[in-house]
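**Q** Following is a predicted model, sequence given first.
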Amino acid sequence: MNKNHRVPSNRSLSAVEVKSKFGAEFRRFSLNRSKPGRFDEFYGLLQHVHRIPNVELLVGYADVHGDLLPINNDDNYHKAISVASPLLRLFLQRTGKLRGSV
C-alpha cells in the first residue's frame, strides 16, 4: 500500500480552509462547511482576524477558474463556501470609507 495516499477524514470534509489576503498580510483559518453562518458574521470575523475593526472592505474570492468574484451577501458567501476545494482564497480591499462615518 502506498503510504502517500491519504483519505480525507470526516473532519476535513466538514471544514473549509480559508486563506485571506489584505495588503501584504495573509491570515489562515477554517470554517465549518455545514454551518457557515451569515455574511455579516463572516465580514466581522475577517475584520477581527486582520485587526481592522473600523475599515470597510470589499471581499472577493478566486473561483475554480481563477476568476475574482465578490462576496457581499449571504448568497455569494454560501456559494463561495460550497465551491471551496480545498481552499477558499480571499482577497480583501479597503473601500476608503471608515465604518460608521457618513
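**A** Received, thanks. Numbers count the residues shown, from 1 in each chain.
**Q** Could I get the contacting residues of Asn73?
**A** Contacts for Asn73 (CB atoms under 8 Å, 6 or more residues apart in numbering) come out as Phe39. (Glycine included, C-beta is placed from N, CA and C.)
**Q** Can you give me the distance of it to Asp40?
**A** Separation of Asn73 from Asp40 (CB to CB, to the nearest Å) stands at 9 Å.
**Q** First-to-last residue distance for stretch 25-45?
**A** With CA to CA, to the nearest Å as the measure, stretch 25-45 spans 16 Å from end to end.
**Q** which residues touch stretch 54-71?
**A** The contact list for stretch 54-71 (CB under 8 Å, 6+ apart) reads 22, 39, 42-43, 46-47, 72, 76-77, 80, 83-85, 88-100.
**Q** Of the residues you listed, grab the buried ones for PyMOL.
**A** One line in PyMOL is enough to select the buried members of the contacts of stretch 54-71, burial here meaning 16 or more other CB atoms under 10 Å:
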select buried, resi 22+39+42+43+46+47+76+77+80+84+88+89+90+91+92
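**Q** Show only the entries of the contacts of stretch 54-71 found in helices.
**A** 39, 42-43, 46-47, 76-77, 80, 83 (DSSP state H).
**Q** Looking at these, point me to the pair that's furthest apart.
**A** The most widely separated members of the ones in helices among the contacts of stretch 54-71, counting by CB to CB, are Gln47 and Val83 (23.5 Å).
**Q** so Asp74 makes contact with Pro36?
**A** No - look at Asp74 against Pro36 with CB atoms under 8 Å: they stay out of range, at 9.3 Å.
**Q** between these two, which one's more packed in?
**A** Shown here are Asp74 and Pro36; by other CB atoms under 10 Å, Pro36 has more neighbours (18 against 15).
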